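# Can you look at this prediction? I've put the sequence above it.
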Amino acid sequence: MKLSPRRAWSAYWIAIATLVCAFQARAEADKVTLVKNKEVISGRITKDDRDGLEIDMRGGAKRTVNSSEIADVEWDVSDENFHDAVGAFRSGAYVRAASSLESLIKDKESLDRVRPLARPYLYYLYAESKYRSGKAADAMAAYQDLITKFPNSRYVPAALSNMCASAIQSRNFDKLPALLKLLADGGPEQKQLADYYEGEAALAQNKPADALRKYANAAVGGVQKVKAMALVGQARAYAATNEPAKSREAAQAALALNPPEGMAALAHTLIGDAIVADADAKKLTGSQLQDALLDAVLEYMRVQTQYPADAQTEGDALLKSGECFMRLAKLPTRSGSDDRERALALFNRIGSERKFATNQDLLNKAAKHLEEMK
């Protein structure tokens, strides 16, 4: 049926109005995931800084959320390139994400399509993409750019944290005092993080006693995630001083706080290490040694089955599982078991999986065990 010119004109404006409403609805669909119970709240974020954010929820309600309560934020903006870049980052394609994000940041027209409140997130993701793809120098420059352009952003403490971690990993300890001061000056929550990284720096310099003091300061702060990080740090420091019982206790205390999955994976690995160290210190034999080694394997294998971990933690857990099976295969109480085959499978897995290809120390240890088992 052919519409009259007047009706056709009305239909045209109705279509335009529908598109505008759809766009407005999309623009208001920011999603904030909270740490507690993974609750998701939706609306339009109207404020986002170091203290937290405010979000106008549907129905007219306003909600304020502290930074420590936030697990994740999904910004909704109209630019599809923004969403493609964020999608690449979330899928672990960090090189592609960095390239896309760099294009967005450097192109004024594209950047202007990103809401001003969401732009710090864009700069932070770009720096994170560089950091996670192994481009430490580029990441440090990108984090500094974020801090310079958006000094009050909620992402600044995370940027400073990763800059501290990068300085520690590269043993550039002279850069730490200035970074730690910037972090600590952000308030009590950031001071808790600064104490944690001071502990990390001390442990990296083989000063476990100093590290334990700093971790203890961080462990009494108000942010549960940082408290869990500090407890895992204590577990590592106690392991360095050959105190397996205290190491195991600290790691178990961290797990009781429901830490992030990567931190939980490290805690389980440390508990496995403590079990093996305690068995060796007590010179266990026979069925007692068997039980201890099987308990350790259970902890290491939880990294594989329950908690996604970084390649370093996962590789260590695989190697240590294999070493436990090697020892089990030699026990008379395990005759007829497939412990030897399990050890071989784990060592071969380390050598064959791409994610471990850059960890030469891990590869060398696995290859050495395979040679020993011929």
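Nice, I can see it.

# Do you have the helices of the stretch 201-350 of the chain handy? List them.
Using DSSP state H, counting those that start in this stretch, the helices found in the stretch 201-350 of the chain span residues 208-219, 224-240, 244-255, 261-281, 286-305, 311-329, 339-352.

# residues in contact with the residue nearest in space to the middle of the chain?
Nearest residue to the geometric centre of the chain (CA atoms, centre = their mean): Gly262, 6.1 Å. Counting by CB atoms under 8 Å, 6 or more residues apart in numbering, Gly262 touches 307-310, 313. Where you see a C-beta, it was placed from the backbone N, CA and C, and this is true even at glycine.

# for Ala159, same thing?
Going by CB under 8 Å, 6+ apart, Ala159 touches 124, 127, 143, 146-147.

# Next one: the residue nearest to the centre of the chain from Leu34, what distance?
Plainly put, Gly262 is 19 Å away from Leu34 if you go by CB to CB, to the nearest Å.

# List the contacts of the spatially closest residue to Asp273 that is not a sequence neighbour.
Distance criterion CB to CB, 6 or more residues apart in numbering; nearest residue to Asp273, sequence neighbours excluded, is Ala239 at 6.0 Å. Taking CB under 8 Å, 6+ apart, we find Ala239 in contact with 247, 270, 273-274, 277.

# Can you tell me which of those lies closest to Arg44?
Arg44 lies nearest to Leu270 out of the contacts of Ala239, by CB to CB, at 42.8 Å.

# Spit out the contact partners of that closest one.
Going by CB under 8 Å, 6+ apart, the list of residues near Leu270 reads 232, 235-236, 239, 247-248, 251.

# Can you check the pLDDT for Lys330?
With respect to pLDDT, Lys330 scores 94.

# where does it fall, phi/psi-wise?
Torsion angles at Lys330 (phi, psi; degrees, to the nearest 10) stand at phi -90, psi -10.

# Surely Ser42 is in contact with Ala61?
No. Using CB atoms under 8 Å, Ser42 is not in contact with Ala61; the gap is 11.4 Å.

# what about those two, which has more around it?
Ser42 (14 against 10; other CB atoms under 10 Å).

# On the three-state scheme, that one is what?
Secondary structure for Ser42, judged by DSSP: H, G, I helix; E, B strand; the rest coil, is strand.

# Secondary structure of Ser153: a strand, I assume?
No. Applying three-state DSSP, one finds Ser153 to be coil, outside a strand.

# which residues sit in contact with it?
So Ser153 contacts 48-50, 120, 124, 146 (CB under 8 Å, 6+ apart).

# for the contacts of Ala239, which one is nearest Leu362?
For the contacts of Ala239, the nearest to Leu362 is Asp273 (15.3 Å; CB to CB).

# The closest one: what's it in contact with?
239, 244, 247, 296, 320.

# Could you measure from it over to Arg213?
According to CB to CB, Asp273 stands 22 Å off from Arg213.

# go on, Ala61?
Taking CB to CB, one finds Ala61 at 45 Å from Arg213.

# again, but for Ser78
50 Å.

# Can you pull out the low-pLDDT segments for the stretch 251-374 of the chain?
For the stretch 251-374 of the chain, no stretch is flagged by pLDDT under 70.

# if we take the contacts of Ser153, which one ends up nearest to Asn348?
Looking across the contacts of Ser153 and measuring by CB to CB, the closest to Asn348 is Tyr124, at 39.2 Å.

# Grab the nearest non-local neighbour of that closest one.
Nearest non-adjacent residue to Tyr124 (CB to CB, 6+ apart): Tyr155, at 3.9 Å.

# hey, where'd the strands end up in the stretch 1-150 of the chain?
30-34, 40-49, 52-57, 62-66, 70-74 (DSSP state E, counting those that start in this stretch).

# what does the second one contact?
Contacts of strand 40-49 with the rest of the structure, by CB under 8 Å, 6+ apart, involve 27-34, 53-58, 62-63, 65, 73, 75, 117, 120, 152-154.

# mind listing what's buried in it?
43-45, 48-49 (16 or more other CB atoms under 10 Å).

# same question, the fourth one
When burial is assessed from 16+ other CB under 10 Å, strand 62-66 yields the following buried residues: Val65.

# hmm, who's touching that strand?
32, 34, 41, 43, 46, 51-57.

# ChimeraX command for the buried members of these?
Those of these that count as buried under 16+ other CB under 10 Å are selected in ChimeraX with:
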select :32,43,51,52,53,54,55,56
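
# List just the nearest of the contacts of strand 62-66 to Ser287.
Nearest to Ser287 among the contacts of strand 62-66, with distances taken as CB to CB, is Leu34, at 47.2 Å.

# how about the closest residue to that closest one other than its chain neighbours, what does it touch?
In space, Leu34 comes closest to Glu69 once its chain neighbours are excluded; the distance is 5.5 Å by CB to CB, 6+ apart. Applying CB under 8 Å, 6+ apart, we find Glu69 in contact with 34-36, 52.

# Tell me the one among those residues nearest to Leu203.
Val35 (26.3 Å).

# Correct me if wrong: the closest one contacts Ala228.
No. Using CB under 8 Å, Val35 makes no contact with Ala228, being 11.5 Å away.

# quick one: terminal-to-terminal distance for stretch 352-368?
Terminal residues of stretch 352-368 are spaced 15 Å apart (CA to CA, to the nearest Å).

# nope, stretch 297-316 is what I meant
End-to-end distance of stretch 297-316 (CA to CA): 12 Å.

# Other residues contacting it?
261-262, 264-266, 268-269, 271-272, 275, 317-318, 320-321, 324-325, 350, 355-356, 359, 362.

# List the buried residues of that stretch.
297-304, 307, 309, 312-316.

# For Ala209, which non-adjacent residue is closest in space?
Ala209 sits nearest to Thr241 (CB to CB, 6+ apart), 7.7 Å away.

# do you know how far that neighbour is from Ala142?
Thr241 is 37 Å from Ala142, by CB to CB.
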